[in-house]
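Visitor: coords below, sequence missing:
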């Protein structure tokens with residue numbers, strides 16, 4: 001460190017005292033900051049970590065910056081101490097003392113010898129060549145220290161923020177992952193046998209790799225805040241962690257569904273057996289009814305009744321076997337499919353019974369209509385009317401004979417209704433296909 005000649009006005013004693021007071025305050029502030037940086041937990045972790053990637057490169061530069069910071073600070077402290085010693089020579093400083101103090105406090109009077117490592121790696125002002133020594137004024141030296149301190153602290157704070165946030169969260173998620181893996185294994189959710197088991201393996205690999213990368217290269221998981229110049233402005237990048245946390249939650253829901261199946265499996269299988277049994281009984285009833293219809297009803301199409309679906313019974317047996325073997329992950333989708341198919345089968349059986357028995361329903365409706373008109377005529381005192389009774393007996397013989405021709409019987413009932421309506425003086429019944437002979441009546 002040396003002193004150069006002054007090129008500006010000489011400071012008076014008051015200006016010197018004020019400058020020394022300001023520089024002393026800056027010295028204390030800088031020293032406090034440097035000691036805080038030296039004791040920063042992130043810096044200590046960086047010193048002891050096996051770093052990789054961008055963090056290793058940044059820490060190499062930051063270490064050199066911190067070394068250079070202390071070099072600058074020592075030079076600054078030496079210069080300040082020299083200035084204080086000159087000012088302390090006399091109560092009233094001489095002209096020569098003031099000239100020397102002016103040169104020391106305002107001129108480029110401080111020479112800093114930097115180590116080769118610091119010079120090679122620490123940031124240097126734009127346009128300045130790397131040299132083994134630099135000359136600074138005290139004000140410039142303060143600016144330079146502030147710049148190096150800000151970049152060094154930014155790196156240390158960013159790394160520490162990632163280490164403080166992510167590894168602990170990854171460890172908690174990994175612990176939850178292990179609990180989920182044990183639960184999954186207990187219900188048969190294993191890799192290669194169930195997609196959720198494969199997902200658990202992938203999440204395990206991803207979390208293991210993520211933790212290793214976060215520990216060795218924390219800055220790879222740091223998002224700097226746009227437009228922020230404050231040291232440590234930004235936040236840890238949790239994108240990968242959040243994605244795997246969501247994936248694990250999806251797997252947990254899948255396993256919960258499997259657990260629900262395990263708890264309800266017996267009840268659901270019994271219900272399926274009941275539904276399929278009801279469907280079989282309904283189909284059996286439909287087959288019996290078809291034989292009856294073919295024997296009692298003539299000239300009509302009666303649909304064929306299919307047999308019980310053996311495929312559903314086989315699948316139900318498979319479901320029972322899955323339950324016995326505790327293969328809940330396979331039982332779950334099979335039960336869901338069977339429940340829908342069983343309901344569809346019961347509906348089909350009921351529709352088949354309805355279609356088969358439709359002719360019998362038509363015959364029953366015609367019989368009811370015939371008897372209703374007979375009762376109505378009797379109430380009006382026309383029960384002995386020969387013409388009407390002939391039509392009644394003709395319709396009755398058709399409806400109570402086997403096999404019954406429904407089409408002819410329906411026409412006979414309509415003719416009886418027409419005759420009854422004319423006898424009672426009511427509105428005419430629509431002909432609905434009656435022939436001219438039918439309309440004229442017997443003997444017309």
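Guide: Noted; the coordinates are in hand. Note that the coordinates shown come from a computational prediction; the quantities given were computed from them, not determined experimentally.
Visitor: gap between the top helix by length along the chain and the chain center?
Guide: The residue-count maximum for a helix in the chain (DSSP state H) belongs to helix 239-296. In this view, helix 239-296 has its centroid 26 Å away from the chain centroid, taken as Cα atoms, centre = their mean, to the nearest Å.
Visitor: right, and the helix or strand after it?
Guide: Counting by DSSP states H and E, the next helix or strand C-terminal to helix 239-296 is strand 297-298.
Visitor: what pairs with that next one, and is each one parallel or antiparallel?
Guide: In the sheet containing strand 297-298, its partner strands are strand 404-405 (parallel), by DSSP bridges.
Visitor: so where's this protein uncertain?
Guide: When residues are selected by pLDDT under 70, those of the chain lie in 1-8, 93, 114-132, 227-230, 232, 299-300, 426-444.
Visitor: where do the helices of it begin and end?
Guide: With helices called from DSSP H, the chain shows them at 13-39, 41-48, 53-87, 95-106, 116-121, 138-186, 195-216, 239-296, 310-324, 328-379, 386-399, 406-424, 436-440.
Visitor: any chance of TSV for these, columns distance to residue 224 and mean neighbour count?
Guide: For glycine as for every other residue, the C-beta is placed from the backbone atoms N, C-alpha and C. Shown next, in TSV, are those (distance: least, Cβ to Cβ, whole Å; neighbours: other Cβ atoms under 10 Å):
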stretch	distance to residue 224	mean neighbour count
helix 13-39	19	14
helix 41-48	16	15
helix 53-87	12	18
helix 95-106	37	19
helix 116-121	21	15
helix 138-186	8	18
helix 195-216	17	17
helix 239-296	15	16
helix 310-324	54	15
helix 328-379	45	17
helix 386-399	94	18
helix 406-424	88	20
helix 436-440	99	11
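Visitor: dump the ones you listed to JSON lines, plus distance to residue 304.
Guide: Shown next, in JSON lines, are those (distance: least, Cβ to Cβ, whole Å):
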{"stretch": "helix 13-39", "distance to residue 304": "92"}
{"stretch": "helix 41-48", "distance to residue 304": "82"}
{"stretch": "helix 53-87", "distance to residue 304": "75"}
{"stretch": "helix 95-106", "distance to residue 304": "114"}
{"stretch": "helix 116-121", "distance to residue 304": "92"}
{"stretch": "helix 138-186", "distance to residue 304": "49"}
{"stretch": "helix 195-216", "distance to residue 304": "43"}
{"stretch": "helix 239-296", "distance to residue 304": "8"}
{"stretch": "helix 310-324", "distance to residue 304": "17"}
{"stretch": "helix 328-379", "distance to residue 304": "9"}
{"stretch": "helix 386-399", "distance to residue 304": "26"}
{"stretch": "helix 406-424", "distance to residue 304": "19"}
{"stretch": "helix 436-440", "distance to residue 304": "35"}
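Visitor: quick one: closest of the ones you listed to residue 233.
Guide: Closest to residue 233 of those is helix 138-186 (Cβ to Cβ; 7.7 Å).
Visitor: leaving out chain neighbours, which residue sits closest to residue 104?
Guide: Closest residue to residue 104 apart from its sequence neighbours, by Cβ to Cβ, 6 or more residues apart in numbering: residue 83 at 5.1 Å.
Visitor: returning to what we had before: quick check: which of the helices of the chain is nearest to residue 222?
Guide: Nearest of the helices of the chain to residue 222, taken as Cβ to Cβ: helix 138-186 at 4.7 Å.
Visitor: give me the distance from that closest one to the chain's centre.
Guide: Chain-centre distance of helix 138-186: 26 Å, with Cα atoms, centre = their mean.
Visitor: can you count the residues close to residue 189?
Guide: Counted with other Cβ atoms under 10 Å, residues neighbouring residue 189 total 25.
Visitor: surely it and residue 255 touch.
Guide: Yes - Residue 189 is in contact with residue 255 according to Cβ atoms under 8 Å; the separation is 6.0 Å.
Visitor: who touches both of the two?
Guide: Shared contacts of residue 189 and residue 255 (Cβ atoms under 8 Å, 6 or more residues apart in numbering): residue 196.
Visitor: centroid residue for this structure?
Guide: What sits nearest the mean C-alpha location of the chain, by Cα atoms, centre = their mean, is residue 246, with 5.4 Å.
Visitor: okay, it and residue 269: tell me how far apart.
Guide: Residue 246 sits 34 Å away from residue 269, going by Cβ to Cβ, to the nearest Å.
Visitor: for the spatially closest residue to residue 238 that is not a sequence neighbour, list the residues it contacts.
Guide: Among residues not flanking residue 238 along the chain, residue 166 sits closest, at 6.9 Å (Cβ to Cβ, 6+ apart). Each residue near residue 166 by Cβ under 8 Å, 6+ apart is listed here: 210-211, 214, 218, 221, 236, 238, 241.
Visitor: and of those, the nearest to residue 76?
Guide: Relative to residue 76, the closest of those is residue 218; by Cβ to Cβ it sits at 31.7 Å.
Visitor: please verify my assumption that the closest one contacts residue 159.
Guide: Yes - applying Cβ under 8 Å, one finds residue 218 in contact with residue 159, separated by 4.5 Å.
Visitor: shared neighbours of the two, anything?
Guide: Joint contacts of residue 218 and residue 159 (Cβ under 8 Å, 6+ apart) are residue 55.
Visitor: stretch 52-65: how far from the chain's middle?
Guide: For stretch 52-65, the distance to the chain centre is 37 Å (Cα atoms, centre = their mean).
Visitor: no wait, stretch 345-360
Guide: Relative to its chain's centre, stretch 345-360 lies at 46 Å (Cα atoms, centre = their mean).
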